[in-house]
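Asker: Fold the following for me, if possible:
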Amino acid sequence: MSEAMRSDAITLEGVSKRFGSHIAVRTLDLGIRDGEFFSLLGPSGCGKTTTLRMIAGFETPDTGRVRLHGEDVTDVQPNNRRVNMVFQQYALFPHMSIYDNVAFGLRMKRVPKAEHKERIASILRIVELEGYERRRPRQLSGGQQQRVALARALVNTPAALLLDEPLGALDVKLRRTMQSELKSIQREIGTTFVYVTHDQEEALAMSDRIAVMNDGRVEQIGSPREIYNHPATPFVADFIGSLNAIELVVAERVGNLAVGRYGDGQRIVVAAGAAVSAGDAIRVAVRPERVRIDCVDGAAPEEGSRLVGHVTGVVYLGMFTQFQVETPAGTILSHRLADEDLAAYTVGAAVILSWPPDQTAVLAGRPPV
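Answerer: Model prediction:
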């Protein structure tokens, strides 16, 4: 189904939430498409879990409405909403078998017992736990327990599954495995997943779209690629991955490009909207992995941004090597794959940094906090 044809499974219309004098969520409008993996990403206290709890019905908005497939459920109790929630602590019943843990949700929804066996067998197949029906939670690994919690939540075929940092208790290796498994499960069943996390890599790896939240607001919504390559605000740029943030005075406009000059053919070139004019001071950002590094006598591209500098630091970071280069525009980082021939770029070496205009983003809005 094309993105344009998808309807919204969840709609938040002007919702806000305050706890005493603290504003957890400021007036928020949000549409989450049917069948997508949507992540709420941000630091602790940004409002992402409160937003999830308002969708679930555990918190009532002070203002605004919550809709599920167009139906207003703002005042509907959690147990009467067609959503289920998975928490970081899986809350499995230790005295029950895996089969009975999964069946618990069906019993709560008063699903006829004749349907239990087939539905439980189907969902255990999807989460790859066939043959584990008679085991107890303590006999399973952390990842397997997490899949039991998923099965219990999904067996009722909810309109949406809400996940509040469900991988937070797992070690790094298992988290990465479960990220892949979660996305695979979501694709197979087609249920809308709304996922809360503070882990940017997790959100980038799993999501169809991401809402980056800060101080109760959504700073940007977009695909992982859009948010990473074209951050809309200083906060998003600073929160998502490493970046070079540069203060730039626009010397001229050339078509849709804004150019800042640093003498001797050195410049920063950025694709900019009509609101940016010559003489404006703007803040731009470029990811370190987009910055090419060449020796001054090498074959550096002539187009796009181009700065001359000298290497002041070299750090080996496993898959790539980080070069710190002092330039007329300030200190710029360049990340190169570790298996490239990098022997010439030692501390003190004179180098040219370059990157295309479409790899530079103009940052707007509030500065990082």
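Asker: now what about stretch 311-322, what contacts it?
Answerer: Identification of contacts with stretch 311-322 by CB atoms under 8 Å, 6 or more residues apart in numbering yields 288-289, 323-326, 331, 333-338, 340, 342, 345-349, 351. C-betas here are computed from N, CA, C, even on glycine.
Asker: Kindly write the ChimeraX command that selects the buried subset of those residues.
Answerer: To isolate the buried subset of those in ChimeraX, counting by 16 or more other CB atoms under 10 Å, use the following:
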select :288,289,323,324,325,333,334,335,336,342,345,349,351
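Asker: Now, the contacts of stretch 311-322 that are in strands?
Answerer: In strands, defined here by DSSP state E, the members of those are Phe323, Gln324, Val325, Glu326, Thr331, Leu333, Ser334, His335, Arg336, Leu337, Val351.
Asker: what residues are up against the second one?
Answerer: This points to Gln324. With contact taken as CB under 8 Å, 6+ apart, Gln324 is in contact with Val311, Thr312, Gly313, Val314, Val315, Thr331, Ile332, Leu333.
Asker: top of those residues by neighbour count?
Answerer: If you count neighbours using other CB atoms under 10 Å, the busiest of these is Ile332, which has 22 neighbours.
Asker: my guess is it contacts Trp355, does it?
Answerer: No. Assessed by CB atoms under 8 Å, Ile332 is found out of contact with Trp355, at 9.6 Å.
Asker: Need the overlap of contacts for those two.
Answerer: Common contacts of Ile332 and Trp355, defined by CB under 8 Å, 6+ apart, comprise Val291.
Asker: still on that earlier bit, with pLDDT and distance to Asp164 as extra columns, can I get the contacts of Gln324 in JSON lines?
Answerer: Listed next are these as JSON lines, based on pLDDT from 0 to 100; distance: CB to CB, whole Å:
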{"residue": "Val311", "pLDDT": "96", "distance to Asp164": "44"}
{"residue": "Thr312", "pLDDT": "96", "distance to Asp164": "43"}
{"residue": "Gly313", "pLDDT": "96", "distance to Asp164": "40"}
{"residue": "Val314", "pLDDT": "95", "distance to Asp164": "41"}
{"residue": "Val315", "pLDDT": "94", "distance to Asp164": "35"}
{"residue": "Thr331", "pLDDT": "95", "distance to Asp164": "38"}
{"residue": "Ile332", "pLDDT": "96", "distance to Asp164": "38"}
{"residue": "Leu333", "pLDDT": "96", "distance to Asp164": "34"}
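Asker: okay, these in TSV with distance to Ala9 next?
Answerer: Formatted as TSV, these follow (distance: CB to CB, whole Å):
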residue	distance to Ala9
Val311	50
Thr312	50
Gly313	48
Val314	48
Val315	44
Thr331	45
Ile332	43
Leu333	40
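Asker: Return the member of the residues you listed nearest to Thr27.
Answerer: Ranked by distance to Thr27 (CB to CB), the contacts of Gln324 are led by Leu333 at 36.9 Å.
Asker: any idea how far the closest one is from Leu170?
Answerer: 31 Å (CB to CB, to the nearest Å).
Asker: And for Arg81, the neighbour number?
Answerer: Residues near Arg81, counting by other CB under 10 Å, number 20.
Asker: correct me, but it touches His69?
Answerer: No. With contacts counted by CB under 8 Å, Arg81 stays clear of His69, the gap being 11.0 Å.
Asker: Redo the ones in strands among the contacts of stretch 311-322 as TSV? Include distance to Val249.
Answerer: Formatted as TSV, the ones in strands among the contacts of stretch 311-322 follow (distance: CB to CB, whole Å):
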residue	distance to Val249
Phe323	26
Gln324	24
Val325	21
Glu326	19
Thr331	18
Leu333	22
Ser334	23
His335	27
Arg336	29
Leu337	33
Val351	24
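Asker: okay, among these, which ones form the most distant pair?
Answerer: Glu326 and Leu337 (22.7 Å).
Asker: SS state for Glu302?
Answerer: coil (DSSP: H, G, I helix; E, B strand; the rest coil).
Asker: quick one: it from Gly216, how far?
Answerer: Taken as CB to CB, the span from Glu302 to Gly216 is 46 Å.
Asker: swap in Ile10?
Answerer: According to CB to CB, Ile10 stands 18 Å off from Gly216.
Asker: No further queries at this time; thank you.
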